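1. quick one, structure for this:
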Amino acid sequence: MRQFQMAYEGQESFRKSLKKIIMWRQNLPTSGVLFQILTSDEETKQVPEITKIIDEEIPDADYYGCTTNGNILGDELNMGSVVTCTVFEYPTTKYRVIQYEMTEDTEIVSTASLLQTVRDNQWVKAIELVVTIRGMSMTGFTEHLSLLPQNVQVFGGGAMSEAMDASHAKVFSKGKKISEKAVVFVLYGGDDLHITTTFITGWKPLGREMVVTSAEGSILYELDNKPAYDTYYRYLNIQNDEHFFNNTLEFPFFFQHNGINMLRAPVSSNPDGSITMTSDMDEGCVARMAYGDPGVILTEIRSEAEKLLEFQPEVVRIYSCAARRTFWGDEVNLEFGPFQSIASTSGFFTSGEFLRTGEFVNQHNVTMVIGALREGDTDPNATKTLSMSNKHFSGQVSMIRRMATFVQAATEELEEANRQLEIAAITDGLTRLYNRKEISHRITETIRRSVNGGLLEKAAYPISLIMIDIDDFKKVNDTYGHKEGDLVLVGLADVLKRILKKYVSAGSAGRWGGEEFMVLLPERDVKQASELAEKMRAEFYKLVFSRAPHQTISLGVTEVKGDEDVDRVCMRVDGALYEAKHSGKNCVVAK
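-> Here you go, the predicted structure:
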């Protein structure tokens, strides 16, 4: 496999470049020629010229391409038109270029046709794609692509234009028209063709977690029950105006989807405070804002590039989000340049990136997706090395990183403080068991769930309660003091924790008040609960305290009957405890 890279600088020089490729092919066996044409001109004025020359000079070649936000040509950014020519050398290598109409009405038909094509062509190992995505939710598209056989890799990007906020983008391929609503798939395969893919983010979560409380399709309505736009206004002072898209590109949402960490950038804000996203964010998912960290990005790039070096690719395709170009500015080649030292590298800056990870095809934002291709086996004597800048960032970038680190640390401390407050609100301060309010709530909810909100006449599974009282506890306080009394209370709490952890998977214990405790046992009948109560009684009696002698407890046990409410169950278990106290104490009574 050999890739030739060229910036388009006119018909004459382009023809000369193609003639050199023709001469090279004459001296070596080749199996196919595939051109990728990328242009940052949304009017695609040069594309007809380029394709006409290709058809005339190399008529057996295929080609495809799209408009972009900038082109990657080796280790340089190109803002014109670039052409890369990939010549396949192994006779077993196959490829096929397919273009479909792409709208919300046709995406199912298009992907269904692709699926059938792949089923009919078992040689397919990977699919590269370029697609127009502006104004569409791509969730359905990626879900249907996920139905492809899991051994088929998928990678690619969304067409764009040089203007970040432009709505026009186009794709095209040989024999098909240039279209603003289309997708081009390039199918690759063959016994001697090897392909690997990966992705790089480098963006770090910043600030507190927020829950998506209202969303529909690609419209994100609410975060934490507040208009989604408020997040950008409150934390970044970004206005809800025509500049919203550009101003939010570098601050996407960070969340987990299909088992991986992903970024999702807004497309636009709406008058009602909602935000249109490039793809769906499910209600209930937890998201945080993110920011780019140059050091983290370059560390990830080095790690992935070193892996690719072992793969020994001959061609590297890069699909990188336009937001990353904005983020790096004049130094954008720092993140794609290193790959040129590994293999011939090309690609473009996109409106969205696509990659299969495991079972799922996902749409990414603010991400660099990489596809690497090689024909034949690796060379054990290869000598290529990774060339990468060791630049250290200072000044403004350093300040931003320090501020982000400070904000993140402060946020984590605040979140931990809130977690501790939440725990304190439901926990007894001395014993660290649930307090009465929380154990009562858990009993109520357990009974409610077991009868399916009243739809069942009785609980679907047994539920039992154990009520416990420390015998003659007043004497401990009066004789040995309240400090010793506290040790006895904590001792009993520890026994309850140990017994529940050892024998019960879903039990709860709480301090009912004073020296009384309550234990909730879902999926345990009264006989099983009584056996556990006896273990609690025996274990507590074994405890040795600093001053007080062995102490004892009395325990009442009952099982929920029918769909009775919490008050009735608690009254009955309290009655069982009363009988235990008046039957000599230090015993278990079931009722």
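2. so which helix or strand takes in Phe327?
-> Element membership of Phe327 [criterion: DSSP states H and E] is helix 322-328.
3. the longest strand in this structure is where?
-> strand 203-216 (DSSP state E).
4. who does it pair up with?
-> strand 219-223 (antiparallel), strand 286-292 (antiparallel) (DSSP bridges).
5. next, the buried residues of the last one.
-> Right, the one you point to is strand 286-292. 287-292 (16 or more other Cβ atoms under 10 Å). The way it works is simple: take the backbone N, C-alpha and C, and place the C-beta from them, glycine included.
6. can I get that strand in PDB, CA atoms only?
-> Output in PDB follows, covering the C-alpha atoms of strand 286-292 (Å, rounded to 0.1, in the frame of the first residue of the first chain):
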ATOM      1  CA  VAL A 286     -24.800  12.200  34.500                       C
ATOM      2  CA  ALA A 287     -22.800  14.900  32.600                       C
ATOM      3  CA  ARG A 288     -20.100  17.400  33.500                       C
ATOM      4  CA  MET A 289     -18.600  20.200  31.500                       C
ATOM      5  CA  ALA A 290     -15.100  19.600  30.100                       C
ATOM      6  CA  TYR A 291     -12.100  21.600  29.100                       C
ATOM      7  CA  GLY A 292      -9.100  20.900  26.900                       C
END
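7. show the subsequent helix or strand relative to the helix or strand where Gly556 lies.
-> Element membership for Gly556, per DSSP H and E: strand 553-559. Moving toward the C-terminus from strand 553-559, the next helix or strand (DSSP H and E) is helix 566-581.
8. chain center to the next helix or strand after that following helix, what's the gap?
-> Once the chain leaves helix 566-581, the next helix or strand it forms, by DSSP H and E, is strand 588-590. Relative to the centre of its chain, strand 588-590 is centred 51 Å away, using Cα atoms, centre = their mean, to the nearest Å.
9. helices or strands up against strand 588-590?
-> Strand 588-590 sits against helix 526-541, strand 553-559, helix 566-581, with contacts defined as 3 or more Cβ pairs under 8 Å, 6 or more residues apart in numbering; DSSP states H and E.
10. tell me which strands it pairs with, and in which orientation.
-> Looking at strand 588-590 with DSSP bridges, its partner strands are strand 553-559 (parallel).
11. low-confidence bits of the protein, can you list those?
-> 165-166, 391-410, 452-460, 563 (pLDDT under 70).
12. would you point out which residue is most central in it?
-> Residue closest to the average C-alpha location in the chain (Cα atoms, centre = their mean): Gln256, at 2.2 Å.
13. and Leu520, how close does it get to Glu531?
-> Distance of Leu520 to Glu531, computed by Cβ to Cβ, to the nearest Å: 16 Å.
14. again but with Gln116, I slipped
-> Following Cβ to Cβ, the distance that separates Gln116 from Glu531 is 61 Å.
15. so between the two, which is more surrounded?
-> Glu531 (13 against 10; other Cβ atoms under 10 Å).
16. dump the residue contacts of the more buried one.
-> Counting by Cβ atoms under 8 Å, 6 or more residues apart in numbering, Glu531 touches no other residue.
17. check the spacing between it and Ala590 real quick.
-> Relative to Ala590, Glu531 is positioned 10 Å away (Cβ to Cβ).
18. what are the ranges of the helices in the stretch 1-150 of the chain?
-> 11-27, 47-57, 107-120, 139-145 (DSSP state H, counting those that start in this stretch).
19. packing partners of the last one?
-> In terms of contact count using 3+ Cβ pairs under 8 Å, 6+ apart, helix 139-145 is assigned the packing partners helix 107-120, strand 353-357, strand 360-364.
20. give the buried residues for the helix or strand just after the last one.
-> The helix or strand immediately downstream of strand 360-364 is strand 368-375, counting by DSSP H and E. Buried positions in strand 368-375, judged by neighbour count with 16+ other Cβ under 10 Å: 368-375.
21. pull out the buried residues from stretch 298-305.
-> Within stretch 298-305, the residues scored as buried using 16+ other Cβ under 10 Å are 298, 300-301, 304-305.
22. ok, Thr117 - contacts?
-> 96, 98, 187.
23. what's the closest of the residues you listed to Ser17?
-> Arg96 (25.2 Å; Cβ to Cβ).
24. surely that closest one meets Asn121?
-> Yes. Using Cβ atoms under 8 Å, Arg96 is in contact with Asn121, at 7.4 Å.
25. joint contacts of those two?
-> Shared contacts of Arg96 and Asn121, defined by Cβ under 8 Å, 6+ apart, comprise Leu187.
26. who has more neighbours out of these two?
-> Taking other Cβ under 10 Å, Arg96 and Asn121 do not tie; Arg96 has more neighbours (17 against 12).
27. what about the residue nearest to that one when sequence neighbours are not counted, which helix or strand?
-> Spatial nearest neighbour of Arg96, chain neighbours left out: Leu187 (4.5 Å); criterion: Cβ to Cβ, 6 or more residues apart in numbering. Assigned by DSSP H and E, Leu187 belongs to strand 182-189.
28. swap in Thr197?
-> strand 193-200.
29. next, the angle from that strand to strand 360-364.
-> When axes from the mean of the first three to the mean of the last three Cα atoms, to 10 degrees is applied, the directions of strand 193-200 and strand 360-364 differ by 50 degrees.
30. neighbouring strands - and their directions - for strand 193-200?
-> Strand pairing for strand 193-200, determined by DSSP bridges: strand 368-375 (antiparallel).
31. now do the strand it pairs with and strand 182-189, the angle between them.
-> Using the same axes, to 10 degrees: strand 368-375 against strand 182-189 is 40 degrees.
32. CA-only coordinates of stretch 473-491, as PDB, when you get a sec.
-> C-alpha atoms of stretch 473-491 as PDB (Å, rounded to 0.1, in the frame of the first residue of the first chain):
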ATOM      1  CA  PHE A 473     -29.900  -0.300  79.900                       C
ATOM      2  CA  LYS A 474     -30.800   2.400  82.400                       C
ATOM      3  CA  LYS A 475     -28.700   0.600  85.000                       C
ATOM      4  CA  VAL A 476     -25.700   0.700  82.700                       C
ATOM      5  CA  ASN A 477     -26.000   4.500  82.500                       C
ATOM      6  CA  ASP A 478     -26.700   5.000  86.100                       C
ATOM      7  CA  THR A 479     -24.000   2.700  87.300                       C
ATOM      8  CA  TYR A 480     -21.200   3.100  84.800                       C
ATOM      9  CA  GLY A 481     -22.000   6.400  83.200                       C
ATOM     10  CA  HIS A 482     -23.200   7.500  79.800                       C
ATOM     11  CA  LYS A 483     -19.800   7.000  78.100                       C
ATOM     12  CA  GLU A 484     -20.000   3.300  79.000                       C
ATOM     13  CA  GLY A 485     -23.600   3.300  77.900                       C
ATOM     14  CA  ASP A 486     -22.500   4.600  74.500                       C
ATOM     15  CA  LEU A 487     -20.000   1.800  74.200                       C
ATOM     16  CA  VAL A 488     -22.800  -0.700  74.700                       C
ATOM     17  CA  LEU A 489     -25.000   0.900  72.100                       C
ATOM     18  CA  VAL A 490     -22.100   1.000  69.600                       C
ATOM     19  CA  GLY A 491     -21.300  -2.600  70.400                       C
END
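33. pull the number of nearby residues for Asn71.
-> 24.
34. now do the contacts for it.
-> Per Cβ under 8 Å, 6+ apart, neighbours of Asn71: 38-40, 77-82, 346-349.
35. hmm, try it at 7 Å
-> Going by Cβ atoms under 7 Å, 6 or more residues apart in numbering, Asn71 touches 38, 40, 78, 82, 348.
36. so how far is Gly158 from it?
-> Taking Cβ to Cβ, one finds Asn71 at 15 Å from Gly158.
37. now swap in Arg547 and tell me
-> With Cβ to Cβ as the criterion, Arg547 and Gly158 are 74 Å apart.
38. for these two, indicate the residue with more neighbours.
-> Gly158 (30 against 11).
39. all set, thanks.
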